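Participant: Sequence and computational prediction follow.
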Amino acid sequence: MDYAVRAEELKEYITEHRHFLHRHAELSYKETETTNYIADELRALGIEVITFPDYTGCIGVIRGTTPGRTVMLRADIDALPICENSGVPFESIHEGVMHACGHDCHASMLLGAAKMLQENREALKGTVKLLFQAGEEAFYGSHYYWERGYLDDVDAALGMHVWPTVASGHLCIQDGNLMASCDNFKLTVHGRSAHGARPQESCDAIVAASSIILGIQTIVSRMTTPLEPLVVTVGSIRAGTQFNIITDQAVMEGTVRTYSPEVRAKVEQEIRTVMNNAAAISGCTAELDYDYIEPSVCNSDLELNDIARQSAVKLYGVDILRPTVQSMGSEDFSFLMEKIPSSLFIFLGCYDEAGGYIYPVHNERFIINEDILPIGSAQYAQFAEDYLSRYGGDAQ
Ligand code: NI
């Protein structure tokens, strides 16, 4: 099948699905209507569907006529707690919930791929699993499926995201580090309160917190290698009640991003060292809750990356490919990459200044040019067929 041609024929089909999903945007783990809609559509296409009595998302299974490996295509399906202000005629009808990260695009593109692969299943040398994944924005959305063994038979996986640092309609299929790990922390300083005019009787939690925040800056500048990118951000601080009370507590929250597992493993201890020493100067104590959230996204299987690039070039020629800068954002596909070592994550560009498609993801004005949707569908489908053909009949 010429997936580029067929996907273009299916543009209206894909776009209509996108409009429904966008209009009915649902938050992480609450994607019930979304799941029912997708599962119904897969069944209508004659595709076997696995749904879950106690969880959202679903898995479609397309079995080729020849046995072989199993390749998984993944789309996330959840939306964000954002009041939409995009101006599209199919704005979310759910107040305060918006598909501002393009997951409606991913799900509809995967439905387009599902339809094509089902039409073309005689040519598939193995099995395609279609994971419509819940709860990506909540970090742990994919755990349910792999913890219960639904992905045990998967040999390779592809995830895709519409991406505003890549030119609209182009694909970025990049080797190596792509997105950062994400760990969050909460740091609480305990001191002793006193009248604002009698500092000698206090252990000032605000002064201690200020020293800690400044000290934390040296983790990036002095305590870790400059050759590995690292972000340590304190994003919130809460302390005190009014001008003439020295407060006994300050609470701050922050996030840590890096590509390197070695740097990642070091940061918690460095924060503890800074925290304990800086707090002690003011006679305070402090405690740290440190949550390891998501590993980084690294396209480390170079052979698989090549298959994906060749699929793209076969569909649209070499000009379809574009590089991009790495992102310090995170993505929970990284957990699937840990479970399925042969996996990759790619970007479908959606930035187009002339067309006005300029807003970043997670912005209330985020919009895309829907001409890119068939490209995503075709890439999903072509990659699945090409991967299975490469290892045809060779069950791993
Ligand atoms: Ni996203």
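Facilitator: Yep, it's here.

Participant: use CA for all of it now, contacts and neighbours both
Facilitator: Noted.

Participant: Kindly state the pLDDT recorded for Gly392?
Facilitator: For Gly392, the pLDDT comes out at 81.

Participant: what does Thr65 give?
Facilitator: For Thr65, pLDDT reads 88.

Participant: Next one: it from Arg43, what distance?
Facilitator: 19 Å (Cα to Cα, to the nearest Å).

Participant: so where's the protein uncertain?
Facilitator: 393-396 (pLDDT under 70).

Participant: ok, 90 please
Facilitator: Filtered on pLDDT under 90, the chain yields the residue ranges 65, 392-396.

Participant: okay, now the domains of it?
Facilitator: Annotated domains of the chain cover 3-178+296-390, 182-294 [automatic domain parsing].

Participant: Throw these into TSV and include mean neighbour count, thanks.
Facilitator: Below are those laid out as TSV (neighbours: other Cα atoms under 10 Å):
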stretch	mean neighbour count
domain 3-178+296-390	21
domain 182-294	18
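
Participant: how about the most centrally placed residue in the chain, phi and psi?
Facilitator: In the chain, the centroid-proximal residue (Cα atoms, centre = their mean) is Glu331; its distance is 2.6 Å. With angles defined as degrees, to the nearest 10, Glu331 sits at phi -160, psi 130.

Participant: Strands of the stretch 151-300 of the chain, start to end?
Facilitator: Using DSSP state E, counting those that start in this stretch, the strands of the stretch 151-300 of the chain run over 156-167, 171-172, 176-179, 181-190, 194-195, 230-239, 245-246, 249-258, 285-294, 297-299.

Participant: how close does the closest residue to Thr224 other than its chain neighbours get to Asp248?
Facilitator: Excluding its sequence neighbours, the residue lying closest to Thr224 (Cα to Cα, 6 or more residues apart in numbering) is Val263, at 6.9 Å. For Val263, the distance to Asp248 equals 33 Å [Cα to Cα].

Participant: again with Thr285
Facilitator: 10 Å.

Participant: and what of Leu336?
Facilitator: Distance of Leu336 to Asp248, given as Cα to Cα: 43 Å.

Participant: ok, now Gly96?
Facilitator: 37 Å.

Participant: do Ala209 as well
Facilitator: On the measure of Cα to Cα, Ala209 and Asp248 end up 11 Å apart.

Participant: Output the longest helix along the chain as PDB, restricted to C-alpha atoms.
Facilitator: In the chain, taking DSSP state H as the definition, the longest helix is helix 261-281. Output of helix 261-281 as PDB, limited to C-alpha atoms (Å, rounded to 0.1, in the frame of the first residue of the first chain):
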ATOM      1  CA  PRO A 261      21.500   8.900  34.400                       C
ATOM      2  CA  GLU A 262      24.800   9.500  36.300                       C
ATOM      3  CA  VAL A 263      24.000  13.200  36.800                       C
ATOM      4  CA  ARG A 264      20.500  12.300  37.700                       C
ATOM      5  CA  ALA A 265      21.600  10.000  40.400                       C
ATOM      6  CA  LYS A 266      23.800  12.700  42.000                       C
ATOM      7  CA  VAL A 267      21.500  15.700  42.300                       C
ATOM      8  CA  GLU A 268      19.400  14.500  45.300                       C
ATOM      9  CA  GLN A 269      22.500  14.200  47.500                       C
ATOM     10  CA  GLU A 270      23.900  17.500  46.300                       C
ATOM     11  CA  ILE A 271      20.600  19.300  47.300                       C
ATOM     12  CA  ARG A 272      20.700  17.600  50.700                       C
ATOM     13  CA  THR A 273      24.200  18.800  51.300                       C
ATOM     14  CA  VAL A 274      23.400  22.400  50.400                       C
ATOM     15  CA  MET A 275      20.100  22.200  52.300                       C
ATOM     16  CA  ASN A 276      21.600  20.900  55.600                       C
ATOM     17  CA  ASN A 277      24.600  23.300  55.600                       C
ATOM     18  CA  ALA A 278      22.700  26.400  54.500                       C
ATOM     19  CA  ALA A 279      19.900  25.800  57.000                       C
ATOM     20  CA  ALA A 280      22.400  25.200  59.900                       C
ATOM     21  CA  ILE A 281      23.900  28.700  59.400                       C
END
